[in-house]
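Engineer: Sequence first, predicted coordinates after that:
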Amino acid sequence: MNLKEIYRAVSRLLDTGWTLPEIERLSHFRNRFQQTRDDLLDFNLDMRHLEFIRWLVQTGKLLDW
């Protein structure tokens, strides 16, 4: 992901109500994620997936380790 894509993604998350600490935790989680060869080549998340991940963080079901 290049810098322009990062800014665009952060902007979209901020526009939908994410806070900076939530975005930082999501970024940290994403950076630690290791793809396997069974994963899809493209890891594009739509807004529903992002909203679900936000809900997981807000409800404490997905914690920053």
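Structural biologist: All right, it came through fine.

Engineer: so where do the helices sit in this structure?
Structural biologist: Residue ranges of the helices in the chain, as given by DSSP state H, are 3-15, 20-32, 47-58.

Engineer: Starting from residue 1, give me the distance back to residue 16.
Structural biologist: To residue 1, residue 16 is 18 Å away according to C-beta to C-beta, to the nearest Å. Bear in mind the C-beta positions are built from the backbone N, C-alpha and C, glycine included.

Engineer: Mean pLDDT and mean neighbour count added to the helices of the chain, as a markdown table?
Structural biologist: Shown next, in a markdown table, are the helices of the chain (pLDDT from 0 to 100; neighbours: other C-beta atoms under 10 Å):
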| stretch | mean pLDDT | mean neighbour count |
| --- | --- | --- |
| helix 3-15 | 92 | 12 |
| helix 20-32 | 87 | 13 |
| helix 47-58 | 83 | 14 |
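
Engineer: how close does residue 58 sit to residue 23?
Structural biologist: Computed with C-beta to C-beta, the distance linking residue 58 and residue 23 is 13 Å.

Engineer: Look up the pLDDT of residue 38 for me, please.
Structural biologist: On pLDDT, residue 38 comes in at 58.

Engineer: The one 3 residues further on now?
Structural biologist: Looking at residue 41, its pLDDT reads 47.

Engineer: what's the nearest residue to the most centrally placed residue in the chain if we skip its chain neighbours?
Structural biologist: Central residue of the chain (C-alpha atoms, centre = their mean): residue 26, 4.4 Å from the mean position. Computed as C-beta to C-beta, 6 or more residues apart in numbering, the closest residue to residue 26 that is not its neighbour in sequence is residue 53, at 6.4 Å.
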